[in-house]
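Asker: Structure, please.
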Amino acid sequence: MSLFTLDNLPECVILEILKRCKGEDLAAVSLTCTTLYSVTSIDSLWKHICQRELRQDVVDLGSVKSYRMLYANLLHKYKSILGVYQIEWDHYGSLLEIKYDAGNIKGISMEGTVEEGKIFDDLREEVLFTIKGDTYPPELICLPDIDPHSLTISFDQATGKLESRCKNSLRHLKAFLCRLEQEANIRDGDGEEFSFQRLRGFMKLRYLKEQLENDKPMISVPLILPCADDVPATLRKSDGTLPSQIITPGLFKGDYSAHGVELILFKYISENELHGYKVTGDRNVSAGKISLKCFLDYPVNPTLEEQKSMESLQNMPKVKRTGPVHELPKQRFKIPDQVYGAQESSAVHVLDHCFARYHGQCQIAYDNYQHPSFIPTNFVVFNDNLIGAVIFQLQKVSLFRRVERSFQPRFNQNVNSVF
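Answerer: So this is what the prediction gives:
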């Protein structure tokens, strides 16, 4: 009886076995014998590893010569940082997506537009850093598209927290100031500059200056984006599908008047409560705070006459729902007469029906998040991608539009989200 060894196996079989290994284990495996060294040199094996760990069917190498080089130079060390984050940026915050892109890893900051009501516009994107995969060690470049200079990145595997340090504070501040001056030239229809937006920009500049001059890192914390699977089972129909009267949780762009468009993450915290958390914030209600609460067990169905007045809507009684949410009737929608500019609002006045309306709350605060409080609000579901908040005390209707794009899957899934 002959002794069984790997040499008895065809190379294709060994290759299939090695495809089950982790990328970091293959280097150790390659040192055990000449056969495994030879097989672990096959680039199709590393192509499979890269596709699996990036969760991509097609991995563009860019200027990197091979998949083995891509893994050794870039993914081995930096794959754990892939995913979505919230940048802790004073009151304001920012969405950060760290993604693989043609042989590089890019950190892309995303925010809403600086103009009021532009929830249908694309997010404003800026590449904060690039990690190049065609060099060893990989080169880390800060602001590659504006004024390239170096930075360092550290990552905590346990918490998922990311810290980045710019190595040339003067160049970084000059680049930020240049962009701020460009934003300050945006004017409204009357030719007046957006003072709130200039104020936001200068406050962010002051915070950035303090961070850089004191060699403090920019901190980003992991953000887990919810999906349809995160909807409580009790809210679903008997066949498991989602009713039109609720929304799939996820990331939305919201209209915050003079503060511009902000990013809100909606998630279910119970079978009867949906919360909207600020990914980006403002001087009143900061990033990371709850902006909206929706109470799904307290629907409301006002008549068109009752919808004419904010006072009538605010005084409607809270009656607890007795049946399933999918039995709530579709209803007419009208903007209250007191809403400023309602007739001119192209985003709102065309909406005349909604699938459901619920009692809710909106958080407000004075400057620097002083004296925060929750005020009564109606939460309106127009469809799965568009929701509204009728805020009585502010005499305003705010709309929230879903961010319809896919994001880089998080490699390190064993971390807790900031929300």
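
Asker: contacts and neighbour counts: CA atoms only from here.
Answerer: Fine.

Asker: The least confident helix or strand in the chain by mean pLDDT: what's the following helix or strand?
Answerer: Least confident helix or strand, the chain: helix 195-213 with a mean of 72, by mean pLDDT, DSSP states H and E. Moving toward the C-terminus from helix 195-213, the first helix or strand encountered (DSSP states H and E) is strand 218-222.

Asker: List the strands paired with the next helix or strand after that following strand, with their directions.
Answerer: For strand 218-222, the following helix or strand on the C-terminal side (DSSP H and E) is strand 250-255. Take DSSP bridges as the rule and strand 250-255 pairs in its sheet with strand 261-270 (antiparallel), strand 396-402 (antiparallel).

Asker: Would you mind putting the ones you listed into TSV with distance to residue 372 alongside?
Answerer: Converted to TSV, those look like this (distance: least, C-alpha to C-alpha, whole Å):
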stretch	distance to residue 372
strand 261-270	18
strand 396-402	18
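
Asker: nearest to residue 212, of the ones you listed?
Answerer: Shortest separation from residue 212 across the strands paired with strand 250-255 is recorded for strand 261-270, at 25.2 Å, computed as C-alpha to C-alpha.

Asker: May I see the buried residues of the closest one?
Answerer: Within strand 261-270, the residues that count as buried by 16 or more other C-alpha atoms under 10 Å are 261-268.

Asker: now it, how far from the centre of its chain.
Answerer: Using C-alpha atoms, centre = their mean, to the nearest Å, we find the averaged C-alpha position of strand 261-270 to lie 10 Å away from the chain's own average C-alpha position.

Asker: so what strands line up beside the helix or strand following that strand?
Answerer: For strand 261-270, the following helix or strand on the C-terminal side (DSSP H and E) is strand 273-278. Strand 273-278 has the following strand partners under DSSP bridges: strand 261-270 (antiparallel), strand 290-299 (antiparallel).

Asker: Buried residues of strand 273-278, list them for me.
Answerer: 274-278.

Asker: Tell me which stretches of the stretch 251-400 of the chain form helices.
Answerer: Assigned by DSSP state H, counting those that start in this stretch, the helices in the stretch 251-400 of the chain fall at 310-314.

Asker: now the strands paired with strand 273-278 in CSV, with distance to residue 320 and mean pLDDT?
Answerer: Listed next are these as CSV, based on distance: least, C-alpha to C-alpha, whole Å; pLDDT from 0 to 100:
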stretch, distance to residue 320, mean pLDDT
strand 261-270, 16, 95
strand 290-299, 5, 97
